[in-house]
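A.B. asks: Model the structure of this input:
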Amino acid sequence: MWGVVGLGAFGFEHKDQTQGKRILTTTRSHGTEAVQETLAAMEPDEVLRVGGAGHKVLLVLEGRVSAYIFASMGCKKWDTCAPEALLQAVGGKLTDVHGNVYRYDKDIKHMNTGGVVAAYRKHDFYIERVPQSIKDVLPSQ
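C.D. replies: This is a model prediction of the structure:
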């Protein structure tokens with residue numbers, strides 16, 4: 001897989017497989033109360049719990065899920081930087097729960113302390129649904 005912003009991404013095919021449903025993906029092994037509360041606020045039709053941040057973004061890229069939601073600390077910059085580049089190349093977006101983009105320069109902390117929200121489209125919809133109580137405890141990037 002590879003991609004360039006403005007040119008697109010290649011090596012996979014995006015095909016919306018959600019059939020009009022709101023299908024989300026999240027962590028398989030780090031399901032905190034905050035993660036559960038945030039997922040519930042999204043009112044999903046289905047939640048896929050899988051491992052690996054890259055795997056979750058790939059599900060978004062392929063159209064198998066509507067969004068990747070992880071309202072918790074724990075994910076690292078190296079988990080999100082390559083998948084985010086591919087998502088950006090096709091017009092999608094990956095941010096913290098506040099809607100702030102992550103920085104990947106040498107002077108930043110390695111932890112994505114503000115959680116992760118990634119979507120192929122309608123990213124703002126998911127950011128707006130993150131409960132304020134969750135945003136209050138997760139630092140803004």
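A.B. asks: dump the residue contacts of the residue nearest to the spatial centre of the chain.
C.D. replies: Nearest to the mean C-alpha position of the chain, counting by CA atoms, centre = their mean, stands residue 118 at 2.6 Å. The neighbours of residue 118, taking CB atoms under 8 Å, 6 or more residues apart in numbering as the test, are 56-57, 60, 67-68, 83-84, 87, 92-95. C-betas here are computed from N, CA, C, even on glycine.
A.B. asks: switch to 6 Å and redo it
C.D. replies: Residue 118 makes contacts with 57, 60, 68, 94, as judged by CB atoms under 6 Å, 6 or more residues apart in numbering.
A.B. asks: and it, helix, strand or coil?
C.D. replies: Taken by DSSP: H, G, I helix; E, B strand; the rest coil, the conformation at residue 118 corresponds to strand.
A.B. asks: for residue 69, same thing?
C.D. replies: Three-state assignment for residue 69 (three-state DSSP): strand.
A.B. asks: cool, residue 34 as well?
C.D. replies: Under three-state DSSP, residue 34 comes out as helix.
A.B. asks: Just the pLDDT for it.
C.D. replies: On pLDDT, residue 34 comes in at 90.
A.B. asks: Repeat that for residue 141.
C.D. replies: The per-residue pLDDT of residue 141 was computed as 68.
A.B. asks: Tell me who's in contact with the residue of the chain most remote from its centre.
C.D. replies: Of all residues in the chain, residue 107 has its C-alpha farthest from the mean position, at 22.9 Å, by CA atoms, centre = their mean. Residues near residue 107 by CB under 6 Å, 6+ apart: none.
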